[in-house]
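[1] using only what follows, build the 3D model:
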Amino acid sequence: MHGYPVLDRNRKSDRSSFVFSSGYESERVDAPVTVSPKPRRPQRVDLVESEHVSLTLSIPTSIYTTATMRSSPRFLFGRAASSIDPTSSSPSSPMAIKRVFPGDHPDFKVDTSGGAPRLTFCKRARYWSSTDYQETRALGEGGFGGVVEARHLTRGWTVAVKKPLPCAHEGAGIACGCADARTLREAAFLAACHRHRAIVELRALSLDPFARKLSVVMECVGPSLHDVLHEHRRGRPFPEGDVRCIMEQLLGAAKHMHGLRIIHRDIKPGNILVGADGISTVKICDLGLAVSMAEPAPYGQLGTRRYMAPEMLLGKTDYDATVDMWSLGCVMAELLSGKPLFDGDDDAQQLLAIFRVLGVPLFTIWPAYESLPLAGKLVTPPHVISRNKLREHFPEDRLSKEGFEVLKGLLSCNIDKRLSATTALRRPWFANAVDASA
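    Numbering: from 1, shown residues only. Predicted structure coming up:
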């Protein structure tokens, strides 16, 4: 089986609310625009997701109307990497791309000058059509879409196409742009992460001329890490050297995303792809639940419960990139043991599973626990004071002292002591391995 995201009963996703704005018609994006002069190079691109703002969706085929959407970002999608005069006071002329970033995606540009991420085609790029490729097999299905493998009929490329599933409004016969908003959002984050070797590459956007739906076209990598571990290896744990190789790549990807102020929010073995050459090439995929730290909180409780940070389970809405680091710690533990370390049936059971391994949340260990919204409400911690038993699950014959230092640092309930991607990569577990291979 291929390892693109599969439906997970533990995965939590946005429940967005959409309201049509009557009296407005969709605007064609190929209307004349004012091209900005050659821009200066900025230092960093920031993506923004707003979970409580209105969505303005513009598609170049004039097939959609303007809709208002809560819990989702706004996107401007056009054909050319052009710019509308930012000094214009006209509300009908939202700002488009005005800066070009060296090393950006060759076909797309991401603009955040208006607050939310806006994805725009470069001049030489165009939509793919669903008639440009032939679907060869299904790869997986998630909560919002299915992924198929396809072959480009002209170029012969093998790609992965993520096709959106109909939303609840469409099931009720109401026309809306919900699915396309999610597609454009994920494409914007993928374009921003362009050219990192451990993040799946955005190839194109495809427009189905019949269903009039957008799909994300990505590189086709290989099976998921979940399938490799639980099906190909039948749950047999990876040796420490292989885990170090995998984690070094995943931490590098997290460092890249977090440097762009992007939080993935759903890192798990099912969202990590393994290349044809094995674990020497792994890539994070499925940025459909990603959010930007540039957008003010509150953020939603999203992701997959088994890999969800305890502060998110306890209702913290202003979390940051440290939630991804907890998820990476859970992935590392699963690779070493062959099974999930924390596996509760609901949020309360998940917290109890964490407490059983890492100990009860004492003030000296986790000072911020009492200030979390659901502390003492979702579950009552065990009255018996228990110590951290993580080392008992990963004895030294399975994980070295240096490797345990990384695992323990990632699985810290106290976010002030949880390792960042940059700090984790500087630990001796990785540094010594580099020295030994030099």
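
[2] CA atoms for contacts and neighbours, from now on please.
    Noted.

[3] mind listing the strands for the stretch 101-250 of the chain?
    Secondary structure of the stretch 101-250 of the chain, counting by DSSP state E, counting those that start in this stretch: strands at 108-111, 118-121, 128-129, 133-141, 145-152, 158-164, 202-207, 214-219.

[4] on contacts alone, who are the packing partners of the third one?
    Taking 3 or more C-alpha pairs under 8 Å, 6 or more residues apart in numbering; DSSP states H and E as contact, the helices and strands that strand 128-129 lies on are strand 202-207.

[5] ok, which of the strands of the stretch 101-250 of the chain comes nearest residue 383?
    Checking the strands of the stretch 101-250 of the chain against residue 383 by C-alpha to C-alpha gives strand 133-141 as the closest, at 42.1 Å.

[6] buried ones in the closest one?
    By 16 or more other C-alpha atoms under 10 Å, the buried positions in strand 133-141 come out as 133, 135, 138, 139, 140, 141.

[7] any idea of the pLDDT on the last one?
    The predicted local distance difference test score for residue 141 is 81.

[8] against residue 408, how distant is it?
    Using C-alpha to C-alpha, to the nearest Å, one gets 33 Å for the distance from residue 141 to residue 408.

[9] the residue lying farthest from the centre of the chain: what secondary structure?
    Going by C-alpha atoms, centre = their mean, the residue of the chain most distant from its centre is residue 384, 37.8 Å out. Classification of residue 384 using DSSP: H, G, I helix; E, B strand; the rest coil returns coil.

[10] phi, psi for it please.
    For residue 384, the backbone dihedrals (degrees, to the nearest 10) come out as phi -80, psi 120.

[11] between the strands of the stretch 101-250 of the chain, which gets nearest to residue 254?
    Closest to residue 254 of the strands of the stretch 101-250 of the chain is strand 202-207 (C-alpha to C-alpha; 17.3 Å).

[12] for that closest one, C-alpha coordinates in PDB please.
    C-alpha atoms of strand 202-207 as PDB (Å, rounded to 0.1, in the frame of the first residue of the first chain):
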ATOM      1  CA  LEU A 202       4.300  20.800  -5.000                       C
ATOM      2  CA  ARG A 203       4.200  20.100  -8.800                       C
ATOM      3  CA  ALA A 204       1.100  21.900 -10.000                       C
ATOM      4  CA  LEU A 205      -2.500  22.600  -9.400                       C
ATOM      5  CA  SER A 206      -5.100  20.700 -11.500                       C
ATOM      6  CA  LEU A 207      -8.500  21.900 -12.500                       C
END
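
[13] quick revisit: could the strands of the stretch 101-250 of the chain go into CSV alongside distance to residue 176?
    As requested, the strands of the stretch 101-250 of the chain are exported to CSV (distance: least, C-alpha to C-alpha, whole Å):
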stretch, distance to residue 176
strand 108-111, 24
strand 118-121, 19
strand 128-129, 21
strand 133-141, 22
strand 145-152, 16
strand 158-164, 13
strand 202-207, 16
strand 214-219, 13
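
[14] among these, which is the most enclosed?
    Mean neighbours per residue, mean count of other C-alpha atoms under 10 Å, is largest over these for strand 108-111, with a mean of 29.

[15] now residue 187: how far from residue 318?
    Distance of residue 187 to residue 318, computed by C-alpha to C-alpha: 24 Å.

[16] more crowded one of the two?
    residue 187 (28 against 13; other C-alpha atoms under 10 Å).

[17] tell me the bridge partners for the closest residue to that one other than its chain neighbours.
    In space, and not counting its chain neighbours, residue 187 is closest to residue 216: 6.6 Å by C-alpha to C-alpha, 6 or more residues apart in numbering. Taking DSSP bridges as the rule, residue 216 bridges to residue 162, residue 205.

[18] which residues does residue 216 contact?
    Contact analysis of residue 216 by C-alpha atoms under 8 Å, 6 or more residues apart in numbering lists 161, 162, 163, 183, 187, 202, 203, 204, 205, 206.

[19] residues in contact with the fourth one?
    In this case it means residue 183. The contact partners of residue 183, by C-alpha under 8 Å, 6+ apart, come to 164, 214, 215, 216, 288.

[20] and which of those residues is nearest residue 403?
    Closest approach to residue 403 among these (C-alpha to C-alpha): residue 288, at 30.9 Å.

[21] how far away is that closest one from residue 235?
    In terms of C-alpha to C-alpha, residue 288 sits 28 Å off from residue 235.

[22] of these two, who's got more company?
    Between residue 288 and residue 235, counting by other C-alpha under 10 Å, residue 288 is the more crowded of the two (20 against 17).

[23] my guess is that one contacts residue 186. True?
    Yes. Residue 288 lies in contact with residue 186 (C-alpha atoms under 8 Å); the separation is 4.9 Å.

[24] sec struct for residue 281, please.
    Counting by three-state DSSP, the backbone at residue 281 sits in strand.

[25] hey, what's the residue nearest to it when sequence neighbours are not counted bridged with?
    Nearest in space to residue 281, with sequence neighbours left out and distances taken as C-alpha to C-alpha, 6+ apart, is residue 275 at 5.1 Å. For residue 275, the beta-bridge partners are residue 278 (DSSP bridges).
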